[in-house]
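Q: What shape does this take:
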Amino acid sequence: MAAPNGNEFYKIALANGNLTGRPATFTAPEQVAQKWKEYQEYMKTQVIEKVDFIKSGPGAGQLVNIPVRSPYTIEGFCISCGITGDRFNQMLNDEKYKDLFGILMHIRESIRNDQIKNGLVGTYNPMLVARIQGLKEQSESKVDVTNTVTSITFVRQAVEDTDYTEVNQMLDEE
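A: Next up is the predicted model:
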């Protein structure tokens with residue numbers, strides 16, 4: 001969208017020392033840390049109900065609603081800050097925001113830890129946590145067809161070259 005004729009937005013940017021785009025969302029790690037604390041406090045009040053069944057005793061098999069604190073997410077934190085996930089990643093990876101790197105990494109790892117820990121104990125869906133966090137069990141199998149074919153050829157040749165006279169004699173003796 002083009003700016004209206006005669007706009008003087010550049011003067012605001014110039015006054016802020018920023019002619020390369022919008023002003024920085026955060027200028028100090030303390031600002032980010034404060035937003036993180038506010039997000040954590042807010043999330044303590046956000047309860048969702050997990051549906052589970054009673055596993056033993058007289059009510060076994062009955063469905064119950066279990067109150068659970070809503071999980072921390074990067075997306076939720078970004079929304080509370082008024083930024084996008086892309087902006088969060090940009091600040092994490094851009095040299096211009098190197099002063100924020102430590103606190104942003106702390107936030108990202110704290111969220112990851114919360115999700116994984118609660119996924120392990122079943123508070124959050126473990127399969128969903130694994131998917132969100134990019135965790136997966138991997139096994140790698142490699143077949144080297146060239147060496148396998150060479151080995152089969154070698155064994156076949158060895159069998160064809162073998163003199164079974166001794167083997168036959170041993171079998172006849174038994």
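Q: Contacts made by stretch 82-96 with the rest, please.
A: When contacts are defined by C-beta atoms under 8 Å, 6 or more residues apart in numbering, stretch 82-96 is touched by residues 24-26, 74-75, 77-78, 97, 100-101, 104-105, 108. C-beta here means a position set from N, CA and C on the backbone, and glycine is covered the same way.
Q: Narrow the residues you listed to those that are buried.
A: A residue is treated as buried here by neighbour count (16 or more other C-beta atoms under 10 Å); on that basis the buried members of those are 25-26, 74, 77-78, 97, 100, 104.
Q: Buried ones in stretch 94-103, by neighbour count?
A: Neighbour-count burial for stretch 94-103, counted by 16+ other C-beta under 10 Å, picks out 97, 100, 103.
Q: pLDDT on the longest helix belonging to the chain, on average?
A: Using DSSP state H, we find that the single longest helix of the chain is helix 101-120. Per-region confidence: helix 101-120 scores 92 on mean pLDDT.
Q: what sits up against it?
A: 29, 32-33, 36, 71-74, 77, 88, 91-92, 97, 124-126, 128-130, 132-133, 135.
Q: now those: which count as buried?
A: Among the contacts of helix 101-120, those classed as buried by 16+ other C-beta under 10 Å are 29, 32-33, 36, 71-74, 77, 88, 91, 97, 124, 126, 129, 132.
Q: Skip ahead from the longest helix of the chain and say which helix or strand is next.
A: Past helix 101-120, heading to the C-terminal end, the next element that is a helix or strand (DSSP states H and E) is helix 126-133.
Q: Which elements pack onto that next one?
A: Identification of packing neighbours for helix 126-133 by 3 or more C-beta pairs under 8 Å, 6 or more residues apart in numbering; DSSP states H and E yields helix 101-120.
Q: Tell me what angle the helix it packs on forms with helix 126-133.
A: When axes from the mean of the first three to the mean of the last three C-alpha atoms, to 10 degrees is applied, the directions of helix 101-120 and helix 126-133 differ by 160 degrees.
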